[in-house]
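Peer 1: This is the structure alone, sequence omitted:
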Ligand SMILES: Nc1nc2c(ncn2[C@@H]2O[C@H](COP(=O)(O)OP(=O)(O)OP(=O)(O)O)[C@@H](O)[C@H]2O)c(=O)[nH]1
Ligand SMILES: [Mg+2]
């Protein structure tokens, strides 16, 4: 089965908890804090591999989780970092953040990889909290939660040339003659149900990849027939080969067919219609083909190459032309600058650390930084709770609450936890 779209949730591993521990040895009184830091949580990495052709391996995965780092231990032993979870995808896979619709990565080369969700950092052990003032800290941090993301993966095949045309015009036949690919060929519509790729070599030894796509019909860009599901694969092709049945075997008019397909391409995206296109007049072995071609050529401006795919006639010429054309076509980026998220993943931008919302008698504090801090605090130790309170003050939350008119005893909420406000 060819799967070119999947949605799933990725959850990177939580960092290991830091450890609270003191050195206890026979002749070393007051040996001092020696709780180690937790290990790093595993990242979720997407990696492109040329051995894969579809996203089917991800089809039934709804949630992908990376392992957590292990806890720190006494004697300053750091916990083990978890291995990253590597998700192998085919070349041409784009991973998008489903909530923001921004692209996290576009994996176009074999072996290219990207961290899609970062593992959490290990919590600090109590040894890390030792200061001149506090030689015996009784608290340590919990591990940082791993990043969570809803992602949408979309595969756009990477081919140099995309074959388009109505059903049964001979796209698969053409592919089978110019490459080693063995697509199914038959005289009924929609013989091809998913894209086939083949590598083609010209007589002067240049090679390129051709994608044979399922046939298009009127309304394909709106979902008719096999719909626009496969049109996206043309987006990455550098050149479009448009095959027209010049034999008019099904009693259609070749020129109308040509116009119809172009309209579907344009409706799908105006990027497609701007691509260089060459037209193959196929089935020239049929009786009416010559006169049809004459009439056709009068109406279209672009170059038309008469071939008979079934008899391999006129094909070498076409391949040379394609190779020449490909040599001149520049790689154009598939996505525009603003569509990318990848810089967001690593960007260093100070966002407001918190916001406070007043609801009835509650003050609810939101904010990624404050929520993370909360999740990493050990409230079971007094020192931990105190440290958290100090951080709140430092971030300016106390001042903000006071400004908003909070009174002694009011309830302050972070995530699902309630505190009492004290001055
Ligand atoms: N006479 C003649 N028939 C051809 C030629 N090329 C292909 N055919 C026939 O046309 C029919 C359809 O060919 P396919 O290659 O399966 O067509 P397709 O465009 O891939 O069709 P879909 O996959 O359904 O979109 C088959 O019966 C082929 O044998 C040709 O040059 N001449
Ligand atoms: Mg076909």
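Peer 2: Received it, and whenever you're ready, just let me know what you need. Model, not experiment: these values are computed from the prediction. Ligands and ions are numbered 1, 2, ... in the order given.
Peer 1: which bits of the stretch 101-250 of the chain sit near ligand 1?
Peer 2: Contact residues, the stretch 101-250 of the chain versus ligand 1 (C-beta under 6 Å from any ligand atom): 165, 167-173, 185-187, 189-192, 214-215, 247. Glycine gets a C-beta too; all of them are placed from N, C-alpha and C.
Peer 1: List only those of those flagged as buried.
Peer 2: Buried members of these, scored by 16 or more other C-beta atoms under 10 Å, are 165, 167-173, 185, 191-192, 214-215, 247.
Peer 1: Show me the shaky parts of the stretch 201-350 of the chain.
Peer 2: Applying pLDDT under 70 to the stretch 201-350 of the chain picks out residues 225-228, 331-350.
Peer 1: Could you rerun that using 90?
Peer 2: Counting by pLDDT under 90, the low-confidence segments of the stretch 201-350 of the chain come to 201-209, 213-238, 248-252, 264-275, 288, 301-303, 317, 326-350.
Peer 1: can you map out the strands along it?
Peer 2: Assigned by DSSP state E, counting those that start in this stretch, the strands in the stretch 201-350 of the chain fall at 207-212, 239-245, 277-282, 304-306.
Peer 1: Just send those strands back as TSV, with distance to residue 263 and mean neighbour count too.
Peer 2: Formatted as TSV, the strands of the stretch 201-350 of the chain follow (distance: least, C-beta to C-beta, whole Å; neighbours: other C-beta atoms under 10 Å):
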stretch	distance to residue 263	mean neighbour count
strand 207-212	21	21
strand 239-245	12	23
strand 277-282	14	22
strand 304-306	19	19
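Peer 1: Save the ones you listed as a markdown table, and put in distance to residue 321 too.
Peer 2: Shown next, in a markdown table, are the strands of the stretch 201-350 of the chain (distance: least, C-beta to C-beta, whole Å):
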| stretch | distance to residue 321 |
| --- | --- |
| strand 207-212 | 12 |
| strand 239-245 | 10 |
| strand 277-282 | 6 |
| strand 304-306 | 7 |
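Peer 1: Quick one: closest of those to residue 408.
Peer 2: Nearest of the strands of the stretch 201-350 of the chain to residue 408, taken as C-beta to C-beta: strand 207-212 at 69.9 Å.
Peer 1: now the angle between strand 239-245 and the closest one, please.
Peer 2: Counting by axes from the mean of the first three to the mean of the last three C-alpha atoms, to 10 degrees, strand 207-212 lies at 50 degrees to strand 239-245.
Peer 1: Who does strand 207-212 pair with, and is each partner parallel or antiparallel?
Peer 2: If you go by DSSP bridges, strand 207-212 pairs up with strand 161-164 (parallel), strand 196-201 (antiparallel).
Peer 1: Pick the most buried one from these.
Peer 2: strand 161-164 (a mean of 27; mean count of other C-beta atoms under 10 Å).
Peer 1: Centroid-nearest residue for this protein?
Peer 2: Centroid-nearest residue in the chain: residue 95, 0.5 Å away (criterion: C-alpha atoms, centre = their mean).
Peer 1: list the contacts for it?
Peer 2: Counting by C-beta atoms under 8 Å, 6 or more residues apart in numbering, residue 95 touches 46, 89, 103, 104, 105, 106, 107, 114, 116, 151, 152, 153.
Peer 1: Just to check, the first one is in contact with residue 90?
Peer 2: In other words, residue 46. No - judged on C-beta atoms under 8 Å, residue 46 makes no contact with residue 90 at a distance of 10.9 Å.
Peer 1: Comparing those two, which shows the higher neighbour count?
Peer 2: Neighbour totals were compared for residue 46 and residue 90, and residue 46 leads with 26 against 23 (other C-beta atoms under 10 Å).
Peer 1: Tell me who's in contact with the more buried one.
Peer 2: 86, 87, 89, 93, 95, 105, 107, 113, 114, 116, 153.
Peer 1: and it, what helix or strand is that in?
Peer 2: strand 44-49 (DSSP states H and E).
Peer 1: next SSE after that strand?
Peer 2: strand 63-65.
Peer 1: Identify each buried residue in that following strand, please.
Peer 2: So strand 63-65, judged by 16+ other C-beta under 10 Å, has buried residues 64, 65.
Peer 1: partner strands of it, parallel or antiparallel?
Peer 2: Strand 63-65 is paired, per DSSP bridges, with strand 5-11 (parallel).
Peer 1: Off-centre distance for the strand it pairs with?
Peer 2: Its chain's average C-alpha position is 9 Å from that of strand 5-11, according to C-alpha atoms, centre = their mean, to the nearest Å.
Peer 1: Check stretch 396-403 too.
Peer 2: On C-alpha atoms, centre = their mean, the centre of stretch 396-403 falls 40 Å from the chain's centre.
Peer 1: re the thing from before, could you give the angle of the strand holding residue 46 to strand 5-11?
Peer 2: Relative orientation of strand 44-49 versus strand 5-11 (the same axes, to 10 degrees): 140 degrees.
Peer 1: who are the neighbours in contact with residue 240?
Peer 2: Residue 240 neighbours (C-beta under 8 Å, 6+ apart): 161, 162, 164, 234, 265, 272, 275, 276, 277, 278.
Peer 1: Export the contacts of residue 46 as TSV, with columns for pLDDT and secondary structure.
Peer 2: Shown next, in TSV, are those (pLDDT from 0 to 100; DSSP: H, G, I helix; E, B strand; the rest coil):
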residue	pLDDT	secondary structure
86	95	strand
87	94	strand
89	93	strand
93	90	strand
95	92	strand
105	87	strand
107	89	strand
113	91	strand
114	91	strand
116	93	strand
153	93	strand
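Peer 1: Please report which of those has the highest neighbour count.
Peer 2: Most neighbours among the contacts of residue 46, by other C-beta under 10 Å: residue 93, with 28 neighbours.
Peer 1: Make sure that one is actually in contact with residue 153.
Peer 2: Yes - contact criterion C-beta under 8 Å: residue 93 and residue 153 qualify, at 5.6 Å.
Peer 1: joint contacts of the two?
Peer 2: Going by C-beta under 8 Å, 6+ apart, residues that sit against residue 93 and also against residue 153 are 46, 55.
Peer 1: Enumerate the residues of the chain near ligand 2.
Peer 2: By C-beta under 5 Å from the ion, the residues of the chain that approach ligand 2 are 171, 172, 191, 192.
Peer 1: Which residues are in contact with the second one?
Peer 2: Taking C-beta under 8 Å, 6+ apart as the criterion, residue 172 is in contact with 183, 184, 185, 191, 192, 196, 212.
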